[in-house]
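Novice: Sequence and predicted structure below; questions after.
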Amino acid sequence: MTRLYLVRHGRAAAGWDVDPDPPLDDIGERQARAVAADLGRHPPLDIVSSPLRRCRETAAPLAEAWGRPVAVEHGVAEIPSPEGIAMPDRVGWLRTAMQGKWWDLGPRYTAFRDGVIRAVVDHAAASPAGAVVFSHFIAINAVIGAVSGDDRLVLHSLDNASVTVIDIVGDRITLISVGHEADTLIR
């Protein structure tokens with residue numbers, strides 16, 4: 001059995017409709033330090049991050065505390081927006097998509113979902129002692145959906161810097177706990 005801690009990135013300095021790769025804001029930086037203080041009580045584990053800046057910055061305090069490198073994993077990145085969509089229209093698209101199911105979005109998005117799940121399972125196999133994976137709202141919900149067999153994009157309104165805990169044995173994922181939930185869905 002491998003335990004993985006799936007951490008949603010801290011609060012970003014800009015929304016998805018303004019900046020495709022924003023840094024953390026001051027609150028997000030405090031959230032990153034709080035996650036490091038909380039998870040830092042555990043023995044050091046492998047640290048994996050989405051390539052996006054907000055995830056890498058959320059991972060940095062824990063990596064520093066443990067003296068561990070952060071492995072960048074594209075498989076746990078943010079859900080891609082449709083090709084050709086204007087930046088200001090991204091949030092509207094995402095709000096609509098979040099009300100539905102993966103199947104409704106088509107093969108590009110079911111492949112994204114399956115890729116997230118495969119990346120998480122692969123990291124469990126590569127890190128038998130466990131790992132902390134810094135990722136995104138939709139990606140973590142994809143893993144939760146895989147556990148429950150639920151095809152909806154959103155099952156939980158995960159807050160920034162929330163920690164969802166899963167155990168993996170082979171290809172079987174078990175949900176141990178869902179991270180703290182927020183009042184808002186996008187940021």
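Specialist: Received the coordinates, thanks.
Novice: Name all residues that make contact with the most centrally placed residue in the chain.
Specialist: Against the mean C-alpha coordinate of the chain, by Cα atoms, centre = their mean, the closest residue is S135 at 2.3 Å. The neighbourhood of S135, defined by Cβ atoms under 8 Å, 6 or more residues apart in numbering, consists of 6-9, 49-50, 55, 76-77, 116. C-beta: built from backbone N, CA, C; applies to glycine.
Novice: and the nearest residue to it once chain neighbours are set aside, how many neighbours?
Specialist: Excluding its sequence neighbours, the residue lying closest to S135 (Cβ to Cβ, 6 or more residues apart in numbering) is V76, at 4.2 Å. Neighbours of V76 under the rule other Cβ atoms under 10 Å: 27.
Novice: ditto for R41
Specialist: Neighbours around R41, by other Cβ under 10 Å: 8.
Novice: That one and A65, how far apart?
Specialist: 10 Å (Cβ to Cβ, to the nearest Å).
Novice: didn't A129 look like it was pressed against L45?
Specialist: Yes: counting by Cβ atoms under 8 Å, L45 is a contact partner of A129 at 6.2 Å.
Novice: Neighbour count: the two, which is higher?
Specialist: Taking other Cβ under 10 Å, A129 and L45 do not tie; L45 has more neighbours (20 against 10).
Novice: Relative to R3, how far out is that one?
Specialist: Remark: distance between L45 and R3 (Cβ to Cβ) = 8 Å.
Novice: and what of D26?
Specialist: Applying Cβ to Cβ, the value for D26 to R3 is 31 Å.
Novice: How about V178?
Specialist: Distance from V178 to R3, by Cβ to Cβ: 15 Å.
Novice: Enumerate every residue touching F112.
Specialist: For F112, the contact set (Cβ under 8 Å, 6+ apart) comprises 79-80, 142.
Novice: residues in contact with the residue nearest to D150 when sequence neighbours are not counted?
Specialist: Of all residues not flanking D150 in the chain, I144 sits nearest, at 7.8 Å (Cβ to Cβ, 6+ apart). By Cβ under 8 Å, 6+ apart, the contact set of I144 is 150, 155-156, 164, 175, 178.
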